[in-house]
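K.L.:
predicted structure and sequence below. I'll ask about it afterward.
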Amino acid sequence: MPTDVERWKDEIYGNDIREHLFRFAEEGWDAIPDDEHDEWFERFKWWGLYHQRKGQESYFMMRIGTPNGVLEPGQLRTVAEVADEFARGPVDNPEFGAAYCDWTTRQSIQLHWIKLEDVPDIFEKLEANGLTTQQACGDSWRNIVGCPVAGKDTHEHVDAWPVAEELHETFKGNDEHSNLPRKWKVSVTGCDQGCGQGDINDLAFEPAEKHGEIGFNVRIGGGLARKEPRFARDVDIWVPEEKATDVAAAATRLFDDHGDREDRYNARIKYLVDEWGAEKVRRVLQEDYTDWDLESAGDDLRDQYTYNAGGDEHGDHVGVHEQPDGNYYVGLNVLVGRQGVDDVFELADLADEYGSGEVRLTQRQNVIVTDVPEDDLDDFLAEDLLEDYSPDPHPFMRGSIACTGTEYCSLSIVETKNRQVRYARWLKQNVDVPEGVTDFHIHLSGCTASCAQPQIADVSLRGMKTRKDGDPVEALDVGLGGGLGENPQFADWVEMRVPADEVPGYIQNLLAVYEDQRRDGETFREFIARHDEADLQGLAEPEETSYEDPYMHNTKMTWYPYADEDDMDASPAPTDGDGETISADD
Amino acid sequence: MATRLRLLDDAAWVSVNDERAVGTSEVWPVADSFCSCALAWLVVEAYVDVGADGRQVEARAHGHCVSCGEAGTTAWLPVGRVTDDGFSDVTGVRRSRQGSPASACCGEP
């Protein structure tokens, strides 16, 4: 029996949703029939709009997909202007103010408190500046990720940006591929460091050499969600650069035909690869979806991968780095990936003044200003904004990544971003960084959807609940030792249901044990890998400390966790286009 | 009029008549043999099924007991009731009835 979602998609989906979206925007929130809310909110995702959680009805999260994280000159300012004018809610966030932009782990942008009535004006402004929300969510080709400095990286073997750009142009708005069984996430890597994170995507292109030519090996079936993480499987295919789009189309058609549309929990292609095995995936691709002979895999560069590899690594793109053209790119740390709108405007100004105006987003929720001439570097680095968004941040500030959490997201079990900000500050003030550690990643995801990519962090945190002193409280499962590199490894979950206010103490104790017991030159990841599961479970103890957590109550059952009156009954939602509460009697 | 029931948001919510009605992340006291505890304290991580028996809405939830760590899927448990004024959710100790609700709805993330 087809699922409700498949039935709704059969009726209206893809590009056709837009005219309905605009009609509802024109007529107002109330125009959406009460008995069609679920189906329209499901469809709106295809145009990048997620209905915010219970208590925030009529407000949407809007995601803007920026392929490979590239914001061309002028586009960051456009994003800031949209956030400033349209992404303001009824209550300020105590850490980030009234309007802000989120940079995501898939190199996209998320804005909150978007009203349906404003969508046409927002789309007009975005599209006039080459930006779109199309397919940022929904069962479609999502934003294409890759090396954020593609084309500007001295480690590059092939410039991945034209490939990513061609994929983007081919598959965005393409009716033939607009209704897939589930989301479809694609990564293109061009460097020898592995920073495209291909291993955790549905379809990955990774640099490889064959016949003396650099092209891509293809991997399929990676992903982190639902406590079922998978690394993308090697399907033994190499393609030259000019064939990447063709093989991507073939893989997409295979997914379209064979992905499970009866069970959305089993729909991602990782489950099909589990069922078939990589060999069958390759055989079916060859026999049914391609009209040329697929080449076997070439010599890859995975043994050189240093990105998130746990050692003397290239853990992110923060810092000052020379480009092949002699200019520099400067990666700036954005704590938990959220930047107040005034700072975004200033960043756009600085990118214009010192660089080419281009800004890029990384898969570590950071930003990169590119094309800064050497002579201007010192002046740029002396700018006040870089005190808050540092190219040389403290390791705990640098490694803090968090998803949206219960502030807006329906899926999350716990508050995340503001909590992770508080964790990072407390750790910085109270915990000694072990000698030699410059990059220590703590990723906090509010649920098993894993938007903060917790399984590939040094310390993985995942939203949970427990009882403390007889009361339910927000808690986190703790995992250790995840990372990518030549031998990628998902974290082992070693401490379950740790009350959220005891997590900083756990990390403090854990790092003390590491400092005390590590062998000469042993990295944190090697230290964790040396221990078996039983040892890891007793390695350190959670502990209350001076850290205070204001979000221990059930933030999901508030209408907004930072409101003075946060009870669900105090919610002003739903509201009309002017932000005025719509009475239930209307 | 029939009550529309489905699971939304990767099964994080039970939707009743197109409104998110019952979410995950609650900790429920469950007085059934979910685990070896006399009273399980179940953290609900996802819903597996939702159905109705008359006006009573029931669901099977996946989660684990925060006291002993046992994980699994519950029997059908009441989650709320559809009234003339809307939906009211269940509070207090949950107990399952024998059998399935009369009209079950398939899961829908």
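P.N.:
Looks like it arrived, so ask away.

K.L.:
enumerate every residue touching residue A:166.
P.N.:
Under the criterion of CB atoms under 8 Å, 6 or more residues apart in numbering or on different chains, the neighbours of residue A:166 are A:244-245. C-beta: built from backbone N, CA, C; applies to glycine.

K.L.:
and it, that's in a strand?
P.N.:
No: with DSSP: H, G, I helix; E, B strand; the rest coil as the criterion, residue A:166 is helix rather than part of a strand.

K.L.:
could I get the pLDDT score of it?
P.N.:
pLDDT, residue A:166: 97.

K.L.:
run through the chain and note the low-pLDDT ranges.
P.N.:
Defaulting to chain A. A:312, A:584-586 (pLDDT under 70).

K.L.:
the intended chain is chain B.
P.N.:
B:1, B:98, B:102-109.

K.L.:
any idea whether the residue positioned nearest the centre of chain A is helix, strand or coil?
P.N.:
Note on chain A: the residue nearest the mean C-alpha position is residue A:105, at 2.3 Å, using CA atoms, centre = their mean. Secondary structure, three-state DSSP: residue A:105 is coil.

K.L.:
next: residue B:33.
P.N.:
coil.

K.L.:
how about it, phi and psi?
P.N.:
phi -80, psi 50 (degrees, to the nearest 10).

K.L.:
what's the local residue count around it?
P.N.:
10 (other CB atoms under 10 Å in any protein chain shown).

K.L.:
just to revisit the earlier point, need the contact list for the residue nearest to the centre of chain A.
P.N.:
Residue A:105 neighbours (CB under 8 Å, 6+ apart): A:337, A:363-365, A:401, A:403, A:451-453.

K.L.:
how close does it sit to residue A:363?
P.N.:
Applying CB to CB, to the nearest Å, the value for residue A:105 to residue A:363 is 5 Å.

K.L.:
now do the shared contacts for those two.
P.N.:
Joint contacts of residue A:105 and residue A:363 (CB under 8 Å, 6+ apart) are residue A:453.

K.L.:
what are the phi and psi angles of the residue nearest to the centre of chain A?
P.N.:
phi -70, psi -10.

K.L.:
return the distance of it relative to residue B:7.
P.N.:
26 Å.

K.L.:
repeat that for residue A:29.
P.N.:
24 Å.

K.L.:
equivalent analysis for residue A:467, please.
P.N.:
Counting by CB to CB - residue A:467 and residue B:7 are separated by 26 Å.

K.L.:
which of those two has more neighbours?
P.N.:
Shown here are residue A:467 and residue B:7; by other CB under 10 Å, residue B:7 has more neighbours (23 against 16).

K.L.:
tell me the strands beside whichever strand or helix holds the more buried one, with direction?
P.N.:
Using DSSP states H and E, residue B:7 falls within strand B:5-8. Applying DSSP bridges to the sheet, strand B:5-8 is found paired with strand B:13-16 (antiparallel).

K.L.:
for chain B, what lies in contact range of chain A?
P.N.:
Within chain B, the positions lying close to chain A (CB under 8 Å from any CB of the partner chain) are B:4, B:6, B:8-13, B:15, B:17-20, B:23-27, B:41, B:43, B:45, B:66-67, B:69, B:106-109.

K.L.:
out of those residues, which sit inside strands?
P.N.:
In strands, defined here by DSSP state E, the members of those are B:6, B:8, B:13, B:15, B:19-20, B:23, B:27, B:41, B:43, B:45.

K.L.:
buried subset of those residues?
P.N.:
B:6, B:8, B:13, B:15, B:19-20, B:23, B:27, B:41, B:43, B:45 (16 or more other CB atoms under 10 Å in any protein chain shown).

K.L.:
let me know the closest of those to residue A:157.
P.N.:
Residue A:157 lies nearest to residue B:45 out of those, by CB to CB, at 42.4 Å.

K.L.:
secondary structure element for the nearest residue to that closest one once chain neighbours are set aside, which one?
P.N.:
The shortest distance from residue B:45 to any non-neighbouring residue, by CB to CB, 6 or more residues apart in numbering or on different chains, is to residue B:63 (4.6 Å). Assigned by DSSP H and E, residue B:63 belongs to strand B:56-65.

K.L.:
direction included, what does that strand pair against?
P.N.:
Those paired with strand B:56-65 in the sheet (DSSP bridges) are strand B:40-53 (antiparallel), strand B:71-73 (antiparallel), strand B:77-83 (antiparallel).

K.L.:
tilt between it and strand B:19-23?
P.N.:
Strand B:56-65 runs at 40 degrees relative to strand B:19-23, counting by axes from the mean of the first three to the mean of the last three CA atoms, to 10 degrees.

K.L.:
now do strand B:56-65: everything it contacts.
P.N.:
Contacts for strand B:56-65 (CB under 8 Å, 6+ apart): B:3, B:5, B:14, B:16, B:21-22, B:24, B:28, B:34-35, B:37, B:40-52, B:70-82, B:87, B:97, B:101.

K.L.:
just the closest residue of the stretch 451-586 of chain A to chain B, please.
P.N.:
residue A:472 (3.9 Å; CB to the nearest CB).

K.L.:
report the contact partners of the nearest residue to that residue once chain neighbours are set aside.
P.N.:
Distances taken as CB to CB, 6+ apart place residue B:27 nearest to residue A:472, at 3.9 Å, with adjacent residues excluded. By CB under 8 Å, 6+ apart, the contact list for residue B:27 reads A:465-467, A:472, B:41-44, B:66.

K.L.:
can you do 7 Å?
P.N.:
Contacts for residue B:27 were tallied using CB atoms under 7 Å, 6 or more residues apart in numbering or on different chains; they are A:465, A:467, A:472, B:41-43, B:66.

K.L.:
tell me the one among those residues nearest to residue A:273.
P.N.:
residue B:43 (30.9 Å).

K.L.:
which helix or which strand is home to the closest residue to the closest one other than its chain neighbours?
P.N.:
Leaving aside its sequence neighbours, residue B:43 sits nearest to residue A:465 (CB to CB, 6+ apart; 4.4 Å). Assigned by DSSP H and E, residue A:465 belongs to strand A:459-468.

K.L.:
other SSEs contacting that strand?
P.N.:
When contacts are defined as 3 or more CB pairs under 7 Å, 6 or more residues apart in numbering or on different chains; DSSP states H and E, strand A:459-468 packs onto strand A:442-445, strand A:471-480, strand A:492-499, strand B:40-53.

K.L.:
what about 8 Å?
P.N.:
strand A:442-445, strand A:471-480, strand A:492-499, helix A:503-517, strand B:27-30, strand B:40-53 (3 or more CB pairs under 8 Å, 6 or more residues apart in numbering or on different chains; DSSP states H and E).
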